[in-house]
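Enquirer: With the input below, show me the fold.
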Amino acid sequence: MKTFVIRRLFFMVLSVIAATLIVFSLSRLQGDPRYLFLASGYTTQEQWDAWGEEFGLDQPLPIQYFIWLGKAMTGDFGKSLKSGYTSTTMLQIFAPASIQLGLAAWVFVLITGVPLGVLSAVKRGSPWDLVGRTFAVFGQALPPFWLGIMLILLFSVQLDWLPSGTRGSGDEDIITRLSYFVLPAVTLGWLASAGLMRLVRSSMLEVLDSEFVKLARAKGVGNTTLIWKHALKNALIPPLTFAALIMASFIAGTVVTETVFAWPGLGWMTVQSIINNDFPVMTTAVMVFTILYVLVVFLVDILYAFIDPRIRYA
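Expert: As a prediction, this is how the structure comes out:
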């Protein structure tokens, strides 16, 4: 197990280093950053040279990369060209909204996708199977931007049951506070829930047709124990990968949902930085997303080894 973890850690570090190379290269595709920072026609040669010395822009690209990497390792990704805040401050401002919404949507995915997938597989061909597959079809067919607008129109405008957007003022009671998460979480999570449901269903069908399940039935193992302890555990690996990556993507921010519901998260921040050509914020966002995905994949690899001990020896 120790060798397995060390090997996975090595590949994780290698992936992050490769990501830093890609991020740095993309940030230099437009040429010298001074053309973005300094106003054309209003910059003296002395200012130009001073910026070059301060940020290492007068050095060859490999040296610039190591200077940038050294600062990035200390959390210094530069300042936003538009707001003047540091990139880490921008993350501190926008990340909590994305984390809260992402976790809410992920909980919705788990409490709908997994039970519906198991029920659809166990009750194959029944009305419950039809309900599960219908849920999946609608989830994968409805565009999130249209779904969000329709949910607002129905539950906020027509029925006046739920808030239409924003995170609220923060002074509400817990029930009112949670109500702000319902519509964006459903909008963000339905597509992923449909995918997880189909994946759980197909994995469960494969396991339920296997020989060890037939043997367990012959030995008199109870149906509930057989389904939730034996069959689901052996069917978990493909859904686990999907669920983990979905959680990472949710926390990284989803532009459409955050835009429809005026939710000030990382997705909205990234889009604004692209529109404003704010490359320090862009590189920070890309690095955070990359590290988040790599870390999630690493944790999933470790969970694989606990769920199926054969994997750690492969």
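
Enquirer: Please, where are all the helices along the stretch 201-314 of the chain?
Expert: Per DSSP state H, counting those that start in this stretch, the stretch 201-314 of the chain carries helices over the ranges 211-218, 223-225, 232-234, 237-252, 255-260, 266-275, 279-307.

Enquirer: so which of these gets nearest L9?
Expert: helix 279-307 (7.2 Å; Cβ to Cβ). In short, each C-beta sits where N, CA and C put it, glycine included.

Enquirer: That closest one to helix 266-275, inter-axis angle?
Expert: 140 degrees (axes from the mean of the first three to the mean of the last three Cα atoms, to 10 degrees).

Enquirer: List the buried residues in helix 279-307.
Expert: By 16 or more other Cβ atoms under 10 Å, the buried positions in helix 279-307 come out as 279-290, 292-294, 296-298, 300-301, 303-305.

Enquirer: Just checking, which helix or strand of the chain averages the lowest pLDDT?
Expert: Sorting the helices and strands of the chain by mean pLDDT, DSSP states H and E puts helix 34-37 at the bottom, at a mean of 65.

Enquirer: quick one: low-confidence parts of the stretch 151-300 of the chain?
Expert: Where the stretch 151-300 of the chain drops to pLDDT under 70, the residues are 168-171, 221, 230, 253, 277.

Enquirer: Now do the same contact list for the closest residue to D129 other than its chain neighbours.
Expert: Spatially, and ignoring its direct neighbours in sequence, D129 is nearest to S120 (4.7 Å; Cβ to Cβ, 6 or more residues apart in numbering). By Cβ atoms under 8 Å, 6 or more residues apart in numbering, the residues touching S120 are W128, D129, V131, G132, R133, M197, R201.

Enquirer: Equivalent analysis for K82, please.
Expert: Each residue near K82 by Cβ under 8 Å, 6+ apart is listed here: Q272, S273, N276, D278.

Enquirer: Try it again at 10 Å.
Expert: M90, Q272, S273, I275, N276, N277, D278, V281 (Cβ atoms under 10 Å, 6 or more residues apart in numbering).

Enquirer: Closest one to W68 out of the residues you listed, please.
Expert: Distance to W68 across these (Cβ to Cβ) is lowest for V281, with 14.8 Å.

Enquirer: Verify the contact between that closest one and S27 for me.
Expert: No - in this structure, V281 is not within contact of S27 by Cβ atoms under 10 Å, at 11.1 Å.

Enquirer: Leaving out sequence neighbours, find the closest residue to L191.
Expert: L191 sits nearest to G139 (Cβ to Cβ, 6+ apart), 5.4 Å away.

Enquirer: Got the phi and psi for the one you found?
Expert: The phi/psi pair for G139 (degrees, to the nearest 10) reads phi -60, psi -40.

Enquirer: Any idea how many residues pack against it?
Expert: 24 (other Cβ atoms under 10 Å).

Enquirer: and what of P127?
Expert: 8.

Enquirer: cool, K219 as well?
Expert: Applying other Cβ under 10 Å, I find that K219 has 8 neighbouring residues.

Enquirer: what sits against it?
Expert: Taking Cβ under 10 Å, 6+ apart as the test, what K219 contacts is L226.

Enquirer: between the helix or strand that Y180 is a member of and helix 211-218, what angle do the directions make?
Expert: Assigned by DSSP states H and E, Y180 falls within helix 174-208. Orientation of helix 174-208 against helix 211-218 (the same axes, to 10 degrees) gives an angle of 100 degrees.

Enquirer: Give me the distance from helix 174-208 to the chain's centre.
Expert: Centroid separation for helix 174-208 versus its chain: 14 Å, with Cα atoms, centre = their mean, to the nearest Å.

Enquirer: Could you list every helix and strand in contact with that helix?
Expert: Secondary-structure packing of helix 174-208 (3 or more Cβ pairs under 10 Å, 6 or more residues apart in numbering; DSSP states H and E): helix 87-122, helix 127-141, helix 144-151, helix 211-218, helix 232-234, helix 237-252, helix 255-260.

Enquirer: Format those as CSV; extra columns: distance to A50.
Expert: Formatted as CSV, the helices and strands packed on helix 174-208 follow (distance: least, Cβ to Cβ, whole Å):
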stretch, distance to A50
helix 87-122, 22
helix 127-141, 55
helix 144-151, 46
helix 211-218, 71
helix 232-234, 62
helix 237-252, 36
helix 255-260, 37
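
Enquirer: Compare these and give me the one nearest Q64.
Expert: Ranking the helices and strands packed on helix 174-208 by proximity to Q64 (Cβ to Cβ) places helix 87-122 first, at 17.6 Å.

Enquirer: Next up, the contacts around the residue nearest the centre of the chain.
Expert: Central residue of the chain (Cα atoms, centre = their mean): S249, 1.4 Å from the mean position. Residues near S249 by Cβ under 10 Å, 6+ apart: G102, A105, W106, L188, A192, G267, F289, L292, Y293, V296.
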